[in-house]
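Undergrad: Below is the structure, and that's it, no one-letter string:
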């Protein structure tokens with residue numbers, strides 16, 4: 001599914017079939033500064049910069065601890081979602097969301113072999 005990243009600068013999109021992974025990738029990317037809209041225009045992640053993070057994470061993931069575990073267990077999917085980030089047009093802002101996504105994707109790919117999920121894979 002394609003999601004629009006709600007942000008004050010350039011129009012950006014993120015793609016992933018798993019809603020929770022898309023939400024987590026956007027949270028990692030913006031630390032609550034960005035929201036996310038689905039293809040129908042529904043906000044699936046509100047901007048959490050000024051509050052509401054604990055309530056949102058509890059509603060979406062069950063608890064903040066469950067979110068933390070989900071994050072640590074899904075490095076590969078989150079990296080894929082971050083890699084999919086693209087701009088609609090040229091960058092016009094100093095806030096380069098695409099570059100940040102690429103940098104974070106590389107960090108997730110580097111660390112995914114040490115994530116808890118890697119213990120359940122063959123040879124892990």
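TA: Okay, I see it. For clarity, every value in this text was computed on a predicted model and none was experimentally measured. Numbers count the residues shown, from 1 in each chain.
Undergrad: could you list every residue that touches the closest residue in space to residue 30 that isn't next to it in sequence?
TA: Using C-beta to C-beta, 6 or more residues apart in numbering and skipping the chain neighbours, the partner closest in space to residue 30 is residue 7 (7.1 Å). Quick note: C-beta positions are derived from backbone N, CA and C, even for glycine. Applying C-beta atoms under 8 Å, 6 or more residues apart in numbering to residue 7 gives the contacts 30, 33, 34, 35, 95, 97.
Undergrad: how much space between the fifth one and residue 108?
TA: When distances are taken as C-beta to C-beta, to the nearest Å, residue 95 and residue 108 turn out to be 20 Å apart.
Undergrad: Pick out whichever of those two has more residues nearby.
TA: Shown here are residue 95 and residue 108; by other C-beta atoms under 10 Å, residue 108 has more neighbours (23 against 15).
Undergrad: do you know how far that one is from residue 63?
TA: 22 Å.
Undergrad: got it, and residue 26?
TA: Residue 26 is 19 Å from residue 63, by C-beta to C-beta.
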